[in-house]
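Enquirer: quick one, what's the 3D model for this:
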Amino acid sequence: MRYFLFMIIAALTTTSPAAAETLNPLVLKNGANKFESRAIALAMADLIADTLKFYVEESHLIYGPNCADKTIECRGNLEFNISFKAATIDLNADKIDEVIVYHEAPGFCGSGGCSSYILGQADGGNSWKILGQFFPGYEPSISSSQYNRYSDIVYNGRDNSFRCMFNGDRYDC
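Expert: Model prediction:
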């Protein structure tokens, strides 16, 4: 009887979808093209505005410039930069591409890197929304496994890999 149960469990685990899963690394390219820029602008405008507000009011500008030579008047300008690395991919085979964007901004990244955002079209393509966020976000892979008709996204942390799965409304990461 034990042998029979063992064989059933072994058969189930070797034929499970996870066992047949393939991961395709997604290449995030520096900058954003016209399609990706529109997605970023429409889905992430509030996040970008909050990033600038944080930089100005809490992390950098409010404290003034930091000059090594204390004998002269120390002056500075606002130097603020947000960088993107982006890729376009159809995550649910509906012939409408989603965008994955790695968001590098002062005060929003740490020693483990920065976050990536999964962006999808909304309102019949007239606007965009954030479908999910994962950290660290610099080397995602698209899985052959799907949940709710959307491909899973797999990314690596320091010691583990993690999975984003679509819950019907957004990605849970």
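Enquirer: can you find the helix or strand in the protein with the smallest mean pLDDT?
Expert: helix 2-14 (a mean of 38; mean pLDDT, DSSP states H and E).
Enquirer: so what pLDDT did the residue most central in space within the chain get?
Expert: Centrality entry for the chain: nearest residue to the mean C-alpha point is Ser116, 1.9 Å, by Cα atoms, centre = their mean. Model confidence at Ser116, given as pLDDT, is 95.
Enquirer: returning to that earlier point: the least confident helix or strand of the chain: what's the following helix or strand?
Expert: strand 23-25 (DSSP states H and E).
Enquirer: longest single helix anywhere in this protein?
Expert: helix 34-54 (DSSP state H).
Enquirer: restrict that helix to CA atoms and write it as PDB.
Expert: Extracted C-alpha coordinates of helix 34-54, given in PDB (Å, rounded to 0.1, in the frame of the first residue of the first chain):
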ATOM      1  CA  LYS A  34       7.600  55.800 -27.500                       C
ATOM      2  CA  PHE A  35       5.200  53.000 -26.500                       C
ATOM      3  CA  GLU A  36       6.900  52.400 -23.200                       C
ATOM      4  CA  SER A  37       7.200  56.100 -22.500                       C
ATOM      5  CA  ARG A  38       3.500  56.600 -22.900                       C
ATOM      6  CA  ALA A  39       2.800  53.600 -20.500                       C
ATOM      7  CA  ILE A  40       5.300  55.000 -17.900                       C
ATOM      8  CA  ALA A  41       3.800  58.600 -18.200                       C
ATOM      9  CA  LEU A  42       0.200  57.500 -17.800                       C
ATOM     10  CA  ALA A  43       0.600  54.700 -15.200                       C
ATOM     11  CA  MET A  44       3.400  56.100 -13.100                       C
ATOM     12  CA  ALA A  45       2.800  59.900 -13.100                       C
ATOM     13  CA  ASP A  46       1.900  60.000  -9.400                       C
ATOM     14  CA  LEU A  47       4.800  57.800  -8.500                       C
ATOM     15  CA  ILE A  48       7.200  60.100 -10.400                       C
ATOM     16  CA  ALA A  49       5.700  63.200  -8.800                       C
ATOM     17  CA  ASP A  50       6.000  61.600  -5.400                       C
ATOM     18  CA  THR A  51       9.600  60.700  -6.100                       C
ATOM     19  CA  LEU A  52      10.500  64.400  -7.000                       C
ATOM     20  CA  LYS A  53       8.600  65.600  -3.900                       C
ATOM     21  CA  PHE A  54      10.500  63.200  -1.600                       C
END
